[in-house]
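Asker: Return a 3D structure for these sequence lines:
(chains A, B, C and D)
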Protein chains: 2
Amino acid sequence: MVRQLNRRLVLDLFRDGEERSRADIARQTGLTKPSASAITDELLAEELLVPTGVGSVGATGGRRPNLLRYNSRCRAYVGVYFGVQRTVVSIADALGRPLARAAAASSVGDPERGVRAVRALVTRASARAEISLERLASVGVAVAGLVDHRSGTCLLAPNLGWRDVALRERVEELLGAPTTVYNEAHAGALAERHSGVATEVDSFVRLTIGTGVGSGVVVDSQLFAGSTGIAGEVGHCRVEDDGLDCACGNTGCLETVASAPAITRAVDEALERGEISSLRPGSHVRLIVDSARQGDDPARAALTRAGHGLARGISYLLNVLNPELIVIGGAVQDAGGLLLDPIQEELPRSSLPQNRGCEIVMSSLPDAELDGAVLLARRLDEAATQAG
Amino acid sequence: MVRQLNRRLVLDLFRDGEERSRADIARQTGLTKPSASAITDELLAEELLVPTGVGSVGATGGRRPNLLRYNSRCRAYVGVYFGVQRTVVSIADALGRPLARAAAASSVGDPERGVRAVRALVTRASARAEISLERLASVGVAVAGLVDHRSGTCLLAPNLGWRDVALRERVEELLGAPTTVYNEAHAGALAERHSGVATEVDSFVRLTIGTGVGSGVVVDSQLFAGSTGIAGEVGHCRVEDDGLDCACGNTGCLETVASAPAITRAVDEALERGEISSLRPGSHVRLIVDSARQGDDPARAALTRAGHGLARGISYLLNVLNPELIVIGGAVQDAGGLLLDPIQEELPRSSLPQNRGCEIVMSSLPDAELDGAVLLARRLDEAATQAG
DNA sequence: GCGGTTAGTAAAGGGGACATACGAACTGAC
DNA sequence: GTCAGTTCGTATGTCCCCTTTACTAACCGC
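Answerer: Below you'll find the predicted structure:
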């Protein structure tokens, strides 16, 4: 029982992927050399650690250390991202380092087909990664829709045409590994905390601007998904008293102002009014952002309008959560000041001065949702090995 | 080290205040009888446990057990509530059971005098409780204002006339015990979780309707105070596009619609318009609630209006936090359906249907803030003994 | 008074950490 | 080349504390 504790202590050390000697282990864990040695031998026998030869000696001399490192191929994690356009799968080693990916177009409207496609994608990725699926420890799934993470079902994904899809159940059948399902924005926040701008930040919110406006809330260093899994749906907070109709049935939701379709629509309306622009009707947001950066007025105006709406949504987040940081990711990720400036301009009108300390920055992660899905898998596995 | 763990295991058992025998301890902790016995003897020697005589024998016979119980007088906790009207102090035993109270009128505008008054209140309460202040383990403070809980300073309490008051420092000097300072609504949520309607609820928000509208957010069973301590300030979320001016400098804040002064003002305006009411201008909210329950129309209308505003504020909480439960406390606590019905009527217009599962109820705790302050003290002490 | 049952203690055994000590291997100075 | 100094890893004995087993104490019903 004490041994289990100390084993974990040693293994946790090696989570960073570095190699160390038995003496290093003793120093870094506070265990004595004999104890560290005994545990190391156990872990070597179980192939959780592998020897990596002898190291060099220090300036003061001494015997050369026998170095060890975590056997990163002892388990594999799979992350799945069901995006509106594409379904992407990533396979990672025990340290969470990505090994390979595979992607396919999402099949809108046919959840069963969409889920079944994952099987082939995972097989392809594992072949590329040259890691056996027998090592698969757990699967993390991120979905562009509302998710009940307790039951692992996708309650509603309008843009995928899904409703009440028992994702966890089906994926566990297909891949034979424990699976956890979350909203894409939740996964994005996890990735941002792990390898983005929010590393080491205890409490922050990461907004994801896409077909909708979602967010992932990290509180006391833990992702908070809500009691059923639909926390962070700031996109359906009302920001305008007489706003447009939203898919959710209400009016004036943030999504009607600041989502990718809303930005596209704003540009389209400007074009209809005859304003001069290099853009065509129905342009993708990334294109709009590019044009805005090159000075296109309707594009800039659309981003400004989105920014003002976002400010209202962010003010709710600030007042309610008092986070250290707000991160904005998704299709508008490259907009920089074109989106941040309008937010900062509008924000003081609806938030407390005591919240001015909260920074607002753009994300720079290219695949936050997918990376987050892998992190979800790792988190699930760690919780399981913790309990078992 | 293992012993420390098992000692805690045994002590935690006795947190419920019940008495048990050594055999009971062994059964309930999973320890063996000899281990339980050894630890019990240690705790007896340290006077953390006290013998309470022999128990009765069961139906099947056997030796009579020697019963023990937690020595609840081994430490004392003090909770302080700096309310707008009154400053109240509560002293509690090691199990958190309240022993005595003392109160005085708050001295508005003079923080130093207000804080110094605590010293006398605590002395009086400890005399009544017949417990020595040398046993004082920690102090919890709840303040009707914005608090930076990291530094323990009250940033701003407009209704107390405070700004940047170093509360923790001063109280620690005065009482000589480690102190923690939180917002009153945060303390209220803690009390609601401990002994109110939210017992065992993992994630909920407790709104406190008073001079302002604050809230305490409990997430994964933990109070979340925010990065600096001002989370839950839903009172300063905008709920009306062209609303009244708020003390915070913005307009249309929930506080301008649903706080106690706002409700009083609504009644006053009705009176000015000549509407028939049993109330006089400037009536206290509790009086307004009473009149409303007896059918007074202007009083009812004022509560309805407040409820509609609250619905907007609550919709933000639901969308962002997806809690299991919303609790409403404070001066309107007795309004029941007169406030809840308008909320439920308005809520669907601004929140997701997937959040319908969240219940909204009134609190029934008479002194949530003060009880919460005691809980804050206990929490601080437990964190300290955990670490030490 | 005697078998059955429960409470608590005593003694022996074992797992695992710790302290100490020692051999192995290497550096640098002379 | 030798030797002191340093570091790595292992071997050995000790101690702590939990567990197992066994025992005494105290109570019941018959």
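Asker: Next up, phi/psi of the residue nearest to A:V239 when sequence neighbours are not counted, please.
Answerer: In space, A:V239 comes closest to A:R312 once its chain neighbours are excluded; the distance is 3.9 Å by CB to CB, 6 or more residues apart in numbering or on different chains. Any C-beta I mention is one placed from the backbone N, CA and C, and that applies to glycine too. Here is the backbone geometry of A:R312 (degrees, to the nearest 10): phi -60, psi -50.
Asker: What of A:A76?
Answerer: Here is the backbone geometry of A:A76 (degrees, to the nearest 10): phi -130, psi 150.
Asker: quick one, what contacts it?
Answerer: A:A76 makes contacts with A:91-94, A:99, A:126, A:129, A:131-133, A:135-137, as judged by CB atoms under 8 Å, 6 or more residues apart in numbering or on different chains.
Asker: can you tell me the distance between the two ends of stretch A:64-79?
Answerer: Taking CA to CA, to the nearest Å, stretch A:64-79 runs 40 Å from one end to the other.
Asker: For that stretch, buried residues please.
Answerer: Neighbour counts using 16 or more other CB atoms under 10 Å in any protein chain shown place A:65, A:67-79 of stretch A:64-79 among the buried residues.
Asker: Centre-most residue in chain A?
Answerer: Taking CA atoms, centre = their mean as the criterion, A:G188 is the residue nearest the geometric centre of chain A, at 2.4 Å.
Asker: what about the closest residue to that residue other than its chain neighbours, distance to B:N319?
Answerer: Excluding its sequence neighbours, the residue lying closest to A:G188 (CB to CB, 6+ apart) is A:A368, at 3.9 Å. Distance from A:A368 to B:N319, counting by CB to CB, to the nearest Å: 21 Å.
Asker: Around A:A36, count how many other residues there are.
Answerer: A:A36 has 24 neighbouring residues, counting by other CB atoms under 10 Å in any protein chain shown.
Asker: er, A:H284 I mean
Answerer: By other CB under 10 Å, 13 other residues sit near A:H284.
Asker: now swap in A:R349 and tell me
Answerer: 15.
Asker: hang on, isn't it packed against B:G249?
Answerer: No: in this structure, A:R349 is not within contact of B:G249 by CB atoms under 8 Å, at 9.0 Å.
Asker: Spell out which parts of chain A neighbour DNA strand D.
Answerer: Proximity of chain A to DNA strand D, by CB under 7 Å from any atom of the strand, involves residues A:21-24, A:33-34, A:37, A:40-41, A:58, A:60-67.
Asker: hmm, which of those are the buried ones?
Answerer: Among the residues of chain A next to DNA strand D, those buried by neighbour count (16+ other CB under 10 Å) are A:S21, A:R22, A:D24, A:T40, A:P65, A:L67.
Asker: Check the spacing between the fourth one and A:E19 real quick.
Answerer: By that I understand A:T40. According to CB to CB, A:T40 and A:E19 sit 12 Å apart.
Asker: Need the residues touching each of the two.
Answerer: A:L68.
Asker: coming back round to it: confirm for me that the residue nearest to A:V239 is in contact with A:S350.
Answerer: Yes: using CB under 8 Å as the test, A:R312 is close enough to A:S350 to be in contact (5.7 Å).
Asker: can you list residues touching both of the two?
Answerer: Taking CB under 8 Å, 6+ apart as the criterion, A:R312 and A:S350 both touch B:R238.
Asker: before we move on, the earlier item: which of the contacts of A:A76 are buried? Put it as a PyMOL command.
Answerer: Those of these that count as buried under 16+ other CB under 10 Å are selected in PyMOL with:
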select buried, chain A and resi 91+92+93+94+99+126+129+131+133+135+136+137
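Asker: can you list the contacts of A:A76 in JSON lines and add distance to A:E359?
Answerer: Output for those, formatted as JSON lines (distance: CB to CB, whole Å):
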{"residue": "A:I91", "distance to A:E359": "34"}
{"residue": "A:A92", "distance to A:E359": "30"}
{"residue": "A:D93", "distance to A:E359": "33"}
{"residue": "A:A94", "distance to A:E359": "34"}
{"residue": "A:L99", "distance to A:E359": "34"}
{"residue": "A:S126", "distance to A:E359": "40"}
{"residue": "A:A129", "distance to A:E359": "37"}
{"residue": "A:I131", "distance to A:E359": "39"}
{"residue": "A:S132", "distance to A:E359": "44"}
{"residue": "A:L133", "distance to A:E359": "42"}
{"residue": "A:R135", "distance to A:E359": "40"}
{"residue": "A:L136", "distance to A:E359": "38"}
{"residue": "A:A137", "distance to A:E359": "36"}
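Asker: which one among the contacts of A:A76 gets closest to B:R265?
Answerer: Proximity of the contacts of A:A76 to B:R265 (CB to CB) peaks at A:A92, which lies at 58.9 Å.
Asker: Those residues of chain A touching DNA strand C, which are they?
Answerer: Applying CB under 7 Å from any atom of the strand, one finds that chain A approaches DNA strand C through A:2-3, A:6, A:30-35, A:38-39, A:54, A:57, A:59, A:61-64.
Asker: swap the cut-off to 10 Å and go again
Answerer: Chain A comes close to DNA strand C at residues A:1-7, A:9-10, A:26, A:29-39, A:42, A:54-66, as judged by CB under 10 Å from any atom of the strand.
Asker: For A:A299, give its distance to A:V361.
Answerer: Counting by CB to CB, the gap from A:A299 to A:V361 is 21 Å.
Asker: of the two, who's got more company?
Answerer: Neighbours were counted for A:A299 and for A:V361 using other CB under 10 Å; A:A299 has more, 28 against 15.
Asker: Please state the offset of the host helix or strand of the more buried one from the chain centre?
Answerer: In the assignment (DSSP states H and E), A:A299 maps to helix A:297-321. Relative to its chain's centre, helix A:297-321 lies at 22 Å (CA atoms, centre = their mean, to the nearest Å).
Asker: Where does chain A get nearest to DNA strand C, which residue?
Answerer: As assessed by CB to the nearest atom of the strand, DNA strand C sits closest to A:G61 within chain A, at 2.6 Å.
Asker: Can you check my assumption that that residue lies in a strand?
Answerer: No: applying DSSP: H, G, I helix; E, B strand; the rest coil, one finds A:G61 to be coil, outside a strand.
Asker: can you pull out the helices in the stretch 51-200 of chain A?
Answerer: Assigned by DSSP state H, counting those that start in this stretch, the helices in the stretch 51-200 of chain A fall at A:111-129, A:167-175, A:184-195.
Asker: for the ones you listed, which one ends up most surrounded?
Answerer: Comparing those by mean neighbour count (mean count of other CB atoms under 10 Å in any protein chain shown), helix A:184-195 ranks first with a mean of 28.
Asker: Which elements pack onto that helix?
Answerer: Here helix A:184-195 touches strand A:76-82, strand A:136-143, strand A:204-209, strand A:213-219, strand A:222-224, strand A:325-330, helix A:368-387, going by 3 or more CB pairs under 8 Å, 6 or more residues apart in numbering or on different chains; DSSP states H and E.
Asker: partners of the second one, with directions?
Answerer: Right, strand A:136-143. Sheet neighbours of strand A:136-143, with direction, are listed as strand A:76-82 (parallel), strand A:179-183 (parallel) (DSSP bridges).
Asker: cool, the third one as well?
Answerer: Partner strands and pairing direction for strand A:204-209 (DSSP bridges) are strand A:213-219 (antiparallel), strand A:325-330 (parallel).
Asker: tally of neighbours for the closest residue to A:A299 other than its chain neighbours?
Answerer: Leaving aside its sequence neighbours, A:A299 sits nearest to A:A292 (CB to CB, 6+ apart; 3.7 Å). For A:A292, the tally of surrounding residues (other CB under 10 Å) stands at 26.
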